[in-house]
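Q: whatever this is, show me its structure:
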Amino acid sequence: MEIIRTVAGMKARAAAWKAEGLSIGLVPTMGSLHEGHESLMDAARAASDRVVVSVFVNPIQFGPGEDYEAYPRDLERDARICERHGVDVVFHPEVDDMYAPAHNTFVVMETLTDSLCGASRPGHFRGVCTVVTKLFNIVQPHRAFFGQKDAQQLAIIKRMVADLNMNVTVVGCPIVREADGLAKSSRNAYLSAEERQAALVLSRAIFAGKAAVEAGERDAAALKALMGGIIEAEPLARIDYVEVVDGVTMQPTDAIGAMALVAMAVYIGSTRLIDNFLYEEGE
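A: Predicted coordinates:
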């Protein structure tokens, strides 16, 4: 496995692979890799001749007061994980190489970014769309793999690829959970033992909401009240949002339709965690 630290080096490697007729799978990450990321690597490995994992903590998707400086970084550990999963290249560029001092171009999406994390983290998805576009241009992947835990991000990237006629297939992969139900997240490392136990309230609310929908509940307000009540019973939890949105447009809806995303963001202490489930009629 190779670690490439420059944009020019990554572009050259990708061009050489393409000249050989090899397919490329990309797993974009900010490092601090866990089993969720590993599942994306395995999916990429199964579908691609060559696999690239980008490890880049993207400064422009963090807002004022967010955890950019504190975000966990351990390239040596991440590289060992990547090597175990058959990754060919870890792309780990410097910030100044990705964003030159005069950098002044951003990718901005409307509508899909207005709700959920887009509403509570202004500018976040401008940063996400910009860095993902740059990664697609640098690595030139045939397929890119993203987790369903970041459901709004997945929907936004799929729309961006369609809207801008990008020559890449976006593959969504299922949420990976701990044995006790907590969704895998790099930010779980911030939780104290007491907070880690309290964080289970997210998955309890998700599972209760999913069971209610499967039992026939279609009223969004009733669903949000059910899930919100579970979360509010936990003293260490503070709700950022619990929402029901259309699974394609990400716009709030009053009723569960043919495709709906039920999503939440909850602070456990000072750590913001997200979770969701997607309902598709007929599944």
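
Q: quick one: which helix or strand includes Ala212?
A: Element membership for Ala212, per DSSP states H and E: helix 200-214.

Q: may I see the buried residues of that helix?
A: With burial defined by 16 or more other C-beta atoms under 10 Å, the residues of helix 200-214 counted as buried are 201-206, 209-210, 212-213. For the C-beta atoms, the positions are set from N, CA and C on the backbone; glycine is no exception.

Q: repeat that for stretch 146-163.
A: With burial defined by 16+ other C-beta under 10 Å, the residues of stretch 146-163 counted as buried are 146-161.

Q: swap in stretch 166-174?
A: 166, 168, 170-173.

Q: got it, and stretch 82-90?
A: 82, 85, 87-90.

Q: kindly reformat those as a markdown table containing pLDDT.
A: Shown next, in a markdown table, are those (pLDDT from 0 to 100):
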| residue | pLDDT |
| --- | --- |
| Cys82 | 98 |
| His85 | 98 |
| Val87 | 98 |
| Asp88 | 98 |
| Val89 | 99 |
| Val90 | 99 |
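
Q: what pLDDT is listed against Arg121?
A: At Arg121, the model reports a pLDDT of 96.

Q: what about the helix or strand where Gly9 lies, average pLDDT?
A: Using DSSP H and E, Gly9 maps to helix 7-19. The average pLDDT for helix 7-19 rounds to 98.

Q: quick one on the thing from earlier: who's in contact with the helix holding Ala212?
A: 177, 180-183, 222-223, 226-228, 230-231, 233-234, 237, 242, 256, 262, 264, 266, 268, 273, 275-277, 279 (C-beta atoms under 8 Å, 6 or more residues apart in numbering).

Q: and the next element down the chain from it?
A: Next along the chain from helix 200-214, counting by DSSP H and E, comes helix 220-232.

Q: which elements pack onto that following helix?
A: helix 200-214, strand 237-246, strand 259-268 (3 or more C-beta pairs under 8 Å, 6 or more residues apart in numbering; DSSP states H and E).

Q: swap in 6 Å and give it another go.
A: helix 200-214, strand 237-246 (3 or more C-beta pairs under 6 Å, 6 or more residues apart in numbering; DSSP states H and E).

Q: can you lay out these as a markdown table showing mean pLDDT and distance to Glu76?
A: Converted to a markdown table, the helices and strands packed on helix 220-232 look like this (pLDDT from 0 to 100; distance: least, C-beta to C-beta, whole Å):
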| stretch | mean pLDDT | distance to Glu76 |
| --- | --- | --- |
| helix 200-214 | 98 | 31 |
| strand 237-246 | 98 | 33 |
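
Q: Gly36: which of the ones you listed is closest?
A: Among the helices and strands packed on helix 220-232, helix 200-214 comes nearest to Gly36, with 13.8 Å by C-beta to C-beta.

Q: next, the angle from that closest one to strand 259-268.
A: Orientation note: helix 200-214 sits at an angle of 160 degrees relative to strand 259-268 (axes from the mean of the first three to the mean of the last three C-alpha atoms, to 10 degrees).

Q: what separates helix 200-214 from the chain centre, distance-wise?
A: Centre-to-centre, helix 200-214 and its host chain are 20 Å apart (C-alpha atoms, centre = their mean, to the nearest Å).

Q: C-alpha coordinates for it, PDB please?
A: Below are the C-alpha coordinates for helix 200-214, written out as PDB (Å, rounded to 0.1, in the frame of the first residue of the first chain):
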ATOM      1  CA  LEU A 200     -27.800   4.800  23.300                       C
ATOM      2  CA  VAL A 201     -30.900   7.000  23.500                       C
ATOM      3  CA  LEU A 202     -30.300   7.800  19.800                       C
ATOM      4  CA  SER A 203     -30.600   4.200  18.600                       C
ATOM      5  CA  ARG A 204     -33.400   3.500  21.000                       C
ATOM      6  CA  ALA A 205     -35.400   6.400  19.400                       C
ATOM      7  CA  ILE A 206     -34.500   5.200  15.900                       C
ATOM      8  CA  PHE A 207     -35.500   1.700  16.500                       C
ATOM      9  CA  ALA A 208     -38.800   2.800  18.200                       C
ATOM     10  CA  GLY A 209     -39.500   5.100  15.300                       C
ATOM     11  CA  LYS A 210     -38.800   2.400  12.700                       C
ATOM     12  CA  ALA A 211     -41.100   0.000  14.500                       C
ATOM     13  CA  ALA A 212     -43.900   2.500  14.600                       C
ATOM     14  CA  VAL A 213     -43.600   3.100  10.900                       C
ATOM     15  CA  GLU A 214     -43.500  -0.600  10.200                       C
END
